[in-house]
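K.L.:
coordinates only, no sequence provided:
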């Protein structure tokens with residue numbers, strides 16, 4: 001799917017940029033879109049967040065790589081999605097949390 005390909009591409013770039021303290025507004029964009037009314041936007045947001053966590057784990061300890069405020073936002077996006085009534089969102093969030 002296009003959503004998965006885009007999420008994967010963004011996560012690979014983010015894995016390079018976020019540890020360098022660049023592209024921090026990406027996390028803000030994901031954080032803000034978490035409450036979007038369009039389910040596909042929320043799914044993309046959660047999936048991208050999970051892929052970012054997965055990529056960061058591949059290169060090292062996620063807590064050592066990211067600044068605390070960025071980590072907190074990523075985790076809050078994933079944790080907040082567990083309260084959703086949409087099963088697909090919850091499943092994607094659980095997969096993402098597993099990678100975080």
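P.N.:
That came through, no problem. As the structure is a computational prediction, the values presented were derived from the model and not from experiment.
K.L.:
what number of residues lie near residue 39?
P.N.:
Neighbours of residue 39 under the rule other C-beta atoms under 10 Å: 12. All C-beta spots, glycine's among them, are computed from the backbone N, C-alpha and C.
K.L.:
could you measure from it over to residue 17?
P.N.:
Going from residue 39 to residue 17 by C-beta to C-beta, to the nearest Å gives 28 Å.
K.L.:
what does residue 10 give?
P.N.:
Residue 10 is 10 Å from residue 17, where distance means C-beta to C-beta.
K.L.:
one more: residue 37?
P.N.:
Residue 37 sits 29 Å away from residue 17, going by C-beta to C-beta.
K.L.:
okay, these two: which has more neighbours?
P.N.:
Set residue 37 next to residue 17 and count neighbours by other C-beta under 10 Å: residue 17 wins out with 13 against 6.
K.L.:
re earlier: need the overlap of contacts for residue 10 and residue 17.
P.N.:
residue 26 (C-beta atoms under 8 Å, 6 or more residues apart in numbering).
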